[in-house]
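Asker: Give me a model of this one.
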Amino acid sequence: MYNRKEYFAIGKVFVHGLGQTPESWNMVLSSMDETEKCVCPNLVEGVKNQNVNYKNLYKAFSELCDEFDESINLCGLSLGGVLALNYAIERPEKVKSLVLIATPYKIPKMLLKLQNICFRFMPKSMFQQMGFEKKDYIGLCKSMMELDFTDRLDNISCPVMIVCGEKDNANKKAAKELATLLKHAKLEIVSGAGHEVNVEAPDKLGKLLRSI
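Answerer: Below you'll find the model as predicted:
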């Protein structure tokens, strides 16, 4: 855990996906030739003792980002990418660069509904291992159903790298669309990887991040 003074002087934030933890970035960070520490916030801790919904999750995340003295480099996967994208839209002056991995710019409602149905049949113990309670996962997904950033993408002014795993068929189309909609974006498809690029291809992702 970083002390407060050190934590907010770093400026590199890696945001994990739903079902992941901050440790999901460990292999990526170890593969990077980094001399500076990187911040990997725990999304579960951000909404501790609150109703778990997107509004509260984003509020906690944006407050953390606001505490940095200078502009920051944001990298997020899936849910973490949605939060990073949202922040870059609302606070473009605070974001120096943006990396979006397997990140939809508008939520695919049908896919989310199917995911929620699957959640209902999964044992509670599986959710506890991932941080949130079962009801929290279901509630969070439900609260994200109407998210659509299409009309506000022009707010983003920083360079953007859009990353998608070659085997992540659920997000590949959206990744290609987003790369055309954003002004300063480039698309990177990671060969052999699925949805969790940070876990499945950490060395390849680390190499891409070093190029920014």
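Asker: the helices in the chain, which residues?
Answerer: 4-7, 26-31, 43-46, 54-66, 79-90, 109-121, 124-129, 134-143, 169-181, 197-200, 202-210 (DSSP state H).
Asker: Generate a markdown table for those, with mean neighbour count, mean pLDDT and distance to T103 as supplementary columns.
Answerer: Heads up, the C-betas are built off the backbone N, CA and C, glycines and all. Shown next, in a markdown table, are these (neighbours: other C-beta atoms under 10 Å; pLDDT from 0 to 100; distance: least, C-beta to C-beta, whole Å):
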| stretch | mean neighbour count | mean pLDDT | distance to T103 |
| --- | --- | --- | --- |
| helix 4-7 | 10 | 41 | 24 |
| helix 26-31 | 17 | 92 | 16 |
| helix 43-46 | 17 | 90 | 15 |
| helix 54-66 | 17 | 96 | 14 |
| helix 79-90 | 24 | 97 | 3 |
| helix 109-121 | 12 | 60 | 14 |
| helix 124-129 | 11 | 61 | 22 |
| helix 134-143 | 17 | 84 | 15 |
| helix 169-181 | 17 | 95 | 7 |
| helix 197-200 | 23 | 98 | 11 |
| helix 202-210 | 19 | 94 | 14 |
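Asker: and those as a markdown table, adding distance to I72?
Answerer: Shown next, in a markdown table, are those (distance: least, C-beta to C-beta, whole Å):
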| stretch | distance to I72 |
| --- | --- |
| helix 4-7 | 12 |
| helix 26-31 | 16 |
| helix 43-46 | 16 |
| helix 54-66 | 6 |
| helix 79-90 | 9 |
| helix 109-121 | 28 |
| helix 124-129 | 30 |
| helix 134-143 | 24 |
| helix 169-181 | 20 |
| helix 197-200 | 18 |
| helix 202-210 | 14 |
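Asker: Now D148. Nearest residue, chain neighbours left out?
Answerer: K106 (3.9 Å; C-beta to C-beta, 6 or more residues apart in numbering).
Asker: for the one you found, what are its contacts?
Answerer: L147, D148, F149, T150, A174 (C-beta atoms under 8 Å, 6 or more residues apart in numbering).
Asker: I only care about the residues you listed that end up buried; give me the ChimeraX line for that.
Answerer: Once 16 or more other C-beta atoms under 10 Å is used to decide burial, the buried members of the contacts of K106 can be selected in ChimeraX as follows:
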select :147,149,174
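Asker: Show me which pair in the contacts of K106 is furthest apart.
Answerer: Using C-beta to C-beta, the pair of those lying farthest apart is L147 and A174, separated by 12.5 Å.
Asker: So which of the helices of the chain is nearest S157?
Answerer: Using C-beta to C-beta, the helices of the chain put helix 79-90 closest to S157, at 8.6 Å.
Asker: who touches that closest one?
Answerer: In contact with helix 79-90 (C-beta under 8 Å, 6+ apart) are residues 13-18, 20, 43, 57-58, 61-62, 65, 74-76, 94-95, 98-105, 107, 144, 147, 149, 152-153, 155-156, 158, 160.
Asker: If anything else comes up later, I'll come back, but that's it for now.
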